[in-house]
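S.K.: Structure of the sequence below:
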Amino acid sequence: MIENNDLTEIHDLHRYLTIIQNIHVGIVVIDRSYTVKIWNGFMEINSGVTGFKIIGKNLLEYFPDIKSSWLKEKITEAFQLENTVYSSWEQHNEVFNFKNNRPFTGNSEEMYKNFTIIPIKSITGGTDEVCIIIYDVTDEACSKQNLEDANKQLHQLSITDKLTNIYNRGYWEECLKQQFRIFMRTKTPVTLLMFDIDHFKNINDTYGHPAGVQVLKDAGAILKKIVRNSDIAGRYGGEEFGIILLDANREDAYHIAERLRKAIEQHIILFDNLEIKFTISIGLCTLSEVTSSPQEWLIKTDNSLYFSKEHGRNRTTQYGLNDTEETMNIIISKRTQTTNN
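M.R.: Below you'll find the predicted structure:
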């Protein structure tokens with residue numbers, strides 16, 4: 001005959017097992033030899049391994065990746081310290097590769113999981129087992145990633161010139177200052193390239209402003225194809241562009257500049273059944289220790305650019321190499337006066 005107390009205990013045990021089996025988190029209990037003691041419904045559904053097959057068996061036999069994983073280290077830590085150990089989805093790689101079973105509320109095929117590993121004290125006070133609790137946090141992880149992606153997109157928009165799809169002037173100038181500081185610390189070669197579209201006003205006057213816009217777009221597109229991924233290209237203003245050529249000495253920079261100049265010279269724009277061709281004038285200045293500031297570096301490069309425009313256009317001038325610096329300085333001072341007037 002079963003006593004009332006026994007019935008109560010059986011009922012309590014049945015209640016606890018029902019909760020463990022149906023709760024929407026994974027619950028796995030293992031001993032020090034990784035023998036599985038409890039494997040609930042969540043684990044059955046998402047792993048495809050039933051409790052009947054795995055209970056009493058070694059967890060590592062079913063999931064060999066655990067042998068060399070962060071999870072094994074966390075389990076060992078929980079046993080040794082006899083303290084609860086936590087691990088979020090951001091801190092680990094996958095061990096149980098569960099599929100996301102709520103695809104309409106998340107954009108990930110895989111389930112993101114948080115882990116809690118709880119030491120289970122025995123009657124004698126020792127820790128012979130641990131309970132691994134696995135939480136499905138796919139929705140939260142996807143929301144955080146979506147927010148991060150949105151912030152990245154907003155940041156990218158804030159630093160990009162909408163017309164040419166390269167960096168805008170504000171961000172590009174910050175990059176210029178940063179590369180100046182890096183050079184002064186490392187002395188790694190870096191060259192500034194500035195170019196200007198020749199007779200751009202005539203293009204607008206002859207073909208109309210929409211054609212001028214197309215010229216700027218094509219110039220930006222060609223620029224992106226020619227320069228290296230490491231280089232930093234931006235629209236400085238109007239029809240003027242700047243490129244910071246990283247790890248580029250005078251010779252390297254000249255070759256890149258000439259490739260760009262020739263590519264644009266050979267390019268033909270078809271606009272309203274008309275063929276439009278244009279050229280650019282380029283100025284280069286390889287940074288040296290005698291240059292005292294980013295502004296001076298920019299002025300020297302602009303100096304070279306203006307020299308190209310004053311001496312035939314559609315050419316590349318290197319500061320202090322193609323002509324004397326004194327000649328360039330005289331020319332730039334005249335240009336400055338003209339601009340101010």
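
S.K.: Give me the neighbour count for residue 201.
M.R.: Residue 201 has 11 neighbours, counted by other C-beta atoms under 10 Å. For every residue, glycine as well, the C-beta is placed using N, CA and C.

S.K.: again, but for residue 217
M.R.: 14.

S.K.: contacting residues for it?
M.R.: 163, 164 (C-beta atoms under 8 Å, 6 or more residues apart in numbering).

S.K.: State which helix of the protein is the longest.
M.R.: helix 138-159 (DSSP state H).

S.K.: for that one, packing partners?
M.R.: Applying 3 or more C-beta pairs under 8 Å, 6 or more residues apart in numbering; DSSP states H and E, one finds that helix 138-159 contacts helix 169-186.

S.K.: Check which helices and strands the next helix or strand after the helix it packs on sits against.
M.R.: Sequence-wise, the next helix or strand downstream of helix 169-186 (DSSP states H and E) is strand 190-197. Contact here means 3+ C-beta pairs under 8 Å, 6+ apart; on that basis strand 190-197 packs against helix 169-186, helix 209-226, strand 240-246, helix 250-266, strand 280-286, helix 294-310.

S.K.: May I see the buried residues of the first one?
M.R.: What that stands for is helix 169-186. 171, 172, 173, 175, 176, 179, 180, 183 (16 or more other C-beta atoms under 10 Å).

S.K.: how close does the residue most central in space within the chain sit to residue 170?
M.R.: Centroid-nearest residue in the chain, with C-alpha atoms, centre = their mean: residue 152, separated by 8.0 Å. According to C-beta to C-beta, to the nearest Å, residue 152 stands 18 Å off from residue 170.

S.K.: and residue 282, how many neighbours?
M.R.: Neighbour tally, residue 282, other C-beta under 10 Å: 28.

S.K.: Quickly list what it is bridged to.
M.R.: Beta-bridge pairing of residue 282 under DSSP bridges involves residue 195, residue 316.

S.K.: how near is it to residue 307?
M.R.: For residue 282 relative to residue 307 (C-beta to C-beta), the value is 10 Å.

S.K.: Now for those two: what residues contact both?
M.R.: Residues touching both residue 282 and residue 307 by C-beta under 8 Å, 6+ apart: residue 317.

S.K.: remind me which residues of this protein are low pLDDT?
M.R.: Within the chain, the segments meeting pLDDT under 70 span 1-14, 16, 93, 102-107, 322-341.

S.K.: how does it divide into domains?
M.R.: 18-145, 160-340 (automatic domain parsing).

S.K.: Just name the most buried of those.
M.R.: domain 160-340 (a mean of 17; mean count of other C-beta atoms under 10 Å).

S.K.: how distant is that one from the center of its chain?
M.R.: 27 Å (C-alpha atoms, centre = their mean, to the nearest Å).

S.K.: again with stretch 154-169
M.R.: 16 Å.

S.K.: Look up phi and psi at the nearest residue to residue 141 once chain neighbours are set aside.
M.R.: Nearest residue to residue 141, sequence neighbours excluded (C-beta to C-beta, 6 or more residues apart in numbering): residue 112, at 3.7 Å. Main-chain torsions, residue 112, degrees, to the nearest 10: phi -90, psi 140.

S.K.: what's the answer for residue 287, then?
M.R.: The phi/psi pair for residue 287 (degrees, to the nearest 10) is phi -70, psi 140.

S.K.: ok, it to residue 184 distance?
M.R.: 9 Å.

S.K.: and what of residue 309?
M.R.: Taken as C-beta to C-beta, the span from residue 309 to residue 184 is 30 Å.

S.K.: Turn the helices and strands packed on strand 190-197 into a markdown table, including distance to residue 38.
M.R.: Shown next, in a markdown table, are these (distance: least, C-beta to C-beta, whole Å):
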| stretch | distance to residue 38 |
| --- | --- |
| helix 169-186 | 55 |
| helix 209-226 | 58 |
| strand 240-246 | 57 |
| helix 250-266 | 65 |
| strand 280-286 | 69 |
| helix 294-310 | 65 |
